[in-house]
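>>> Just to be clear, the model below is a prediction. Sequence and coordinates:
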Amino acid sequence: NAGVMQNPRHLVRRRGQEARLRCSPMKGHSHVYWYRQLPEEGLKFMVYLQKENIIDESGMPKERFSAEFPKEGPSILRIQQVVRGDSAAYFCASSPPRAPGELFFGEGSRLTVL
Amino acid sequence: DQQVKQNSPSLSVQEGRISILNCDYTNSMFDYFLWYKKYPAEGPTFLISISSIKDKNEDGRFTVFLNKSAKHLSLHIVPSQPGDSAVYFCAASVTGSSNTGKLIFGQGTTLQVKP
């Protein structure tokens, strides 16, 4: 049973470009979460999604960031017009339907904005 | 507004001794607490959790203690092993809402266990 799969593991973008990070949850998991870890800080909640629904996006920056979890395919975190401050590790986590608090994390996608 | 704080950025202990990692929180609504362990270039992995109806939970070498009146929890590792060297994150959530996966993390404590 594969774990949470994230890709790419490393992504380099220039300021103003777009970054797309993908996350495939564990098999049987219907809840997906995105967290961001800035250097020297803990993980910060960004968004919680279920299939085709955004449940809580209270941690998402108001502009340039969006997330989706379509009926088919992985969850996508999209960052438009990236700036240097977006450089961070972005972690996806998933949880099973009956235990939404038990998060299983992927290995993260490290975004570097030049 | 740091609702979950780990005031010690690092801790170094000798192999075989006890490691004690501390965590304080400010939100009295938190009722579920977790510890995650993270190695470099990997995602956090779940270690142990405790509900607010308990004051202690034990799993092998790992024990978590919760003091609700002090809004404090701690993770004890006995005996410590070199493979325990990692960053440990304390996290908390309010399970009464639908957002039980919305964890609030502390800044992390880097544990080094010396052979």
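Okay, I see it.

>>> residues from chain A in reach of chain B?
With Cβ under 8 Å from any Cβ of the partner chain as the criterion, chain A comes near chain B at residues A:4, A:31, A:33, A:35, A:40-45, A:48, A:55-56, A:58-59, A:91, A:93, A:95, A:100-108. The C-beta positions use only the backbone N, C-alpha and C, and glycine is treated the same way.

>>> Which of those fall in strands?
Counting by DSSP state E, the residues of chain A next to chain B place A:31, A:33, A:35, A:43-45, A:48, A:55-56, A:91, A:93, A:95, A:104-105 in strands.

>>> leaving aside the residues next to it on the chain, what's closest to the spatially most central residue of chain A?
The C-alpha lying nearest the average C-alpha coordinate of chain A belongs to A:Trp34 (Cα atoms, centre = their mean; 3.6 Å). With Cβ to Cβ, 6 or more residues apart in numbering or on different chains as the measure, A:Met46 is the residue that lies nearest to A:Trp34, at 4.4 Å, once sequence neighbours are left out.

>>> Pull up the per-residue confidence for the one you found.
pLDDT recorded at A:Met46 is 95.

>>> what's the answer for A:His31, then?
Predicted confidence (pLDDT) for A:His31: 88.

>>> do the same with B:Leu111
Here, the pLDDT recorded for B:Leu111 equals 97.

>>> Tell me the spatial nearest neighbour of it, not counting adjacent residues.
In space, not counting the residues next to it along the chain, B:Leu111 is nearest to B:Leu11; the distance is 5.1 Å by Cβ to Cβ, 6+ apart.

>>> was I right about the one you found contacting B:Leu21?
Yes: in this structure, B:Leu11 is within contact of B:Leu21 by Cβ atoms under 8 Å, at 6.5 Å.

>>> and these two? which has more neighbours close in?
Counting neighbours by other Cβ atoms under 10 Å in any protein chain shown for B:Leu11 and for B:Leu21 shows that B:Leu21 has the greater number, 22 against 16.
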